[in-house]
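J.: Need the 3D shape of this:
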Amino acid sequence: MAGGLLVQAFVYLCAAVLAVPIAKRLGLGAVLGYLLAGVIIGPFGLRLAGDAAAALHFAEFGVVMMLFLVGLELQPSRLWAMRGPVLGAGGLQVGLTTLVIAGIGFALGAEWRMALAAGLILAMSSTAIALQILAERGLLRTAGGETTFAVLLFQDVSVIPILSLLPLLATVPAAAGTAHHDASWIETLPAWGQALAVLGAVALVIGGGRLLTRPAFRLIAETRLREIFTASALLLVIGIALLMEAVGLSPALGAFLAGVVLADSEFRHELEGDIEPFKGLLLGLFFLSVGAGIDFAQVAAAPFAVAGLVLLLVLAKAAVLAGMGLVAGRPRPEVLLVTLLLAQGGEFAFVLLAFAVQNGVLPEAEAGLLVAVVALSMPVTPLLMLAYGRLADRLAVRDLPPEPDAIEPQGSVVIAGFGRFGQIVGRLLLAHGHPVTVLDHDMDTIEQLRRFGFRVFYGDATRLDLLQAAGAAEAAVIVAATDARETTNAIVETALRHFPRAQVLARAVDRGHAYELMEAGAHLVVRETFAAALETGVEALRRLGMPAYEAERAGRLFRRHDRRAMERLAPIRDDATRYGLAVREASQRLLEVLERDRDRGRAVMDDGWDTTALREEAQARRTERDAAASG
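T.: Numbers count the residues shown, from 1 in each chain. Sure thing, here's the model as predicted:
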């Protein structure tokens, strides 16, 4: 059994690794690549997929994880602000699409209850496909992306009343032995008891997320064991999914609510980084399983009927969506995007169709035909999105400016490490109006700073995924302010390699560490004790009787000379002989400069500024502006 499981895992992974890069290279997108790979390994291809239905059931957990991550991106205030689109656009789409499809079914000769049930089931769209394409193309935060998400969210919520309504539309005897094989304890309760159980589950997710999960994650974070934190994140999502299933709710909806509750917590970025890889793998398995599960035998038995039904489904849903958008006066590019993304059948249709058969709402033959129609409609969306790209070019709307990131504005500065050094940097930036996002792994520091209003998040700043989640790709400056040499080196290396737009400023623990960071390419290296020691030295000169401007001038000359000396010494630091000679020469040169400056006795202002330093600063600023203009 274990061997069979490993073989199936090997087959699915091989299909993904081979087919998806080819599909991406051909411009088809990852989703279509997964679906085609599933068809190839399925029972009507190479017959390597094994039990595709079981794999599909397991892979639906990827959709749950995806909704949890989407929830983490939406703070409760933002979700409340979206209530209009969710209820308005979502409610209209489900209602109108149900009526249109039911009307088509009735016109084709179906009994009205069967037609209405089919309309309710086929009104669903694929959350997995739509959100994956939006994320892949960077469109999730556009107006069209938010409208699409609002409709999908309403659809997820509407699954609950649809499950309650379908048994009332029964037209045939329930499938033998299947009508109640999934019955749970909640079905034995009266209606008011079921309502209380549902409300209690939702309250537990929301209240527990605020009152229980945060203290629990704080305790886990203090262990400094990353694998335990990852296990806890998975435990949270799986536990919520099981709770929602137990009371008859959508697991994806419960995971979404939990994500929203944790969206403003200090663990948000760490949770994103831990869940993301599992979500990606399971979503890929989901698409592979859909492709492998398409019943081409049934399609071959009535190819024109199936093709016609797929076309009718896509056209009917597209007509409803386009009509809604145009009547509402939305921009044509936005209407086009929403229409193409939501015109297919959804993964919840598989669940609802099975439920309809179990409860005598649809005969097995008709339900099997609709399963094939829904599965074949899913690859249509990635293909339609290729057409969207070409239409966007023609309409000059491909590069629509993204709307302001109202979901989660990122800081213009990311500070990794918020100890004494990082706090001084952050306070100065905040005092001058620059938003700052902070990553730190010390829970005591995080709790204290969040009480004072700092945006501090728990996480290991050496991880690329956490830096990306914290907004490093959009940051103007990244400050590596940790007190550990290896950690700082890793942060600088990652930032320079993956975020070339940002200026990387680094804290060095000593002169040798400063050389390492300079060699790595950090734009500015600051030794943690240098400034404090220099300020102390300047103050000592003043207390020994030197005029303030002379003491300040001596400090500036020393700083400038030390910086130049480090630049000269860095390339030869590993040659002990040459390095020793160069250090002695630099020290002698510094004494000569200070002596010459003292003897010159030039009149300078009492604030200690000297013309050489001002000229150098002005030249540096001109160089930076020229570089920015040329870039």
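
J.: tell me what the helix or strand hosting Val314 is packed against?
T.: Using DSSP states H and E, Val314 maps to helix 303-327. Packing partners of helix 303-327 (3 or more Cβ pairs under 8 Å, 6 or more residues apart in numbering; DSSP states H and E): helix 91-107, helix 332-341, helix 364-377. In this view, the C-beta of every residue, glycine as well, is placed from N, C-alpha and C.

J.: Met65 is nearest to which of those?
T.: With Cβ to Cβ as the measure, helix 332-341 is the member of the helices and strands packed on helix 303-327 nearest Met65 (20.2 Å).

J.: Helix 91-107 and the closest one, what's the angle between them?
T.: Put simply, helix 332-341 runs at 50 degrees to helix 91-107, going by axes from the mean of the first three to the mean of the last three Cα atoms, to 10 degrees.

J.: how many other residues sit next to Ala255?
T.: 28 (other Cβ atoms under 10 Å).

J.: what's the helix or strand for the residue nearest to it when sequence neighbours are not counted?
T.: Take Ala255 and drop its neighbours on the chain: the residue closest to it by Cβ to Cβ, 6 or more residues apart in numbering is Phe68, 3.9 Å away. Assigned by DSSP H and E, Phe68 belongs to helix 61-72.

J.: again with Ala19
T.: Assigned by DSSP H and E, Ala19 falls in helix 2-25.

J.: and the following helix or strand past that helix with helix 364-377, angle?
T.: Next helix or strand after helix 2-25 toward the C-terminus (DSSP H and E): helix 30-41. Put simply, helix 30-41 runs at 130 degrees to helix 364-377, going by the same axes, to 10 degrees.

J.: tell me the domain boundaries of this structure?
T.: Split into domains by automatic domain parsing, the chain comes to 51-395, 410-528, 537-631.

J.: Ok, which of those domains comes nearest Leu18?
T.: domain 51-395 (11.8 Å).

J.: thinking again about what came up before, let me have the domains of the chain in a markdown table, adding mean pLDDT as columns.
T.: As requested, those are exported to a markdown table (pLDDT from 0 to 100):
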| stretch | mean pLDDT |
| --- | --- |
| domain 51-395 | 79 |
| domain 410-528 | 83 |
| domain 537-631 | 65 |
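
J.: Any idea which of the ones you listed gets closest to Tyr12?
T.: domain 51-395 (5.6 Å).

J.: that older thread, quick one: closest of the helices and strands packed on helix 303-327 to Ala301.
T.: helix 364-377 (9.6 Å).

J.: hey, C-alpha coordinates of the closest one in PDB?
T.: The C-alpha trace of helix 364-377 is given here as PDB (Å, rounded to 0.1, in the frame of the first residue of the first chain):
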ATOM      1  CA  GLU A 364     -27.200   9.300 -11.900                       C
ATOM      2  CA  ALA A 365     -27.000   9.400 -15.700                       C
ATOM      3  CA  GLU A 366     -27.900  13.100 -15.900                       C
ATOM      4  CA  ALA A 367     -25.600  13.900 -12.900                       C
ATOM      5  CA  GLY A 368     -22.700  12.100 -14.600                       C
ATOM      6  CA  LEU A 369     -23.300  14.100 -17.800                       C
ATOM      7  CA  LEU A 370     -23.200  17.400 -15.800                       C
ATOM      8  CA  VAL A 371     -20.000  16.200 -14.100                       C
ATOM      9  CA  ALA A 372     -18.300  15.900 -17.500                       C
ATOM     10  CA  VAL A 373     -19.700  19.300 -18.600                       C
ATOM     11  CA  VAL A 374     -18.300  21.000 -15.500                       C
ATOM     12  CA  ALA A 375     -14.900  19.300 -15.800                       C
ATOM     13  CA  LEU A 376     -14.600  20.200 -19.500                       C
ATOM     14  CA  SER A 377     -15.700  23.800 -18.800                       C
END
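
J.: who are the neighbours in contact with Leu163?
T.: 248, 352, 355 (Cβ atoms under 8 Å, 6 or more residues apart in numbering).

J.: Which parts of the protein are strands?
T.: For the chain, the strands defined by DSSP state E occupy 413-416, 436-440, 456-458, 477-480, 503-508, 524-527.
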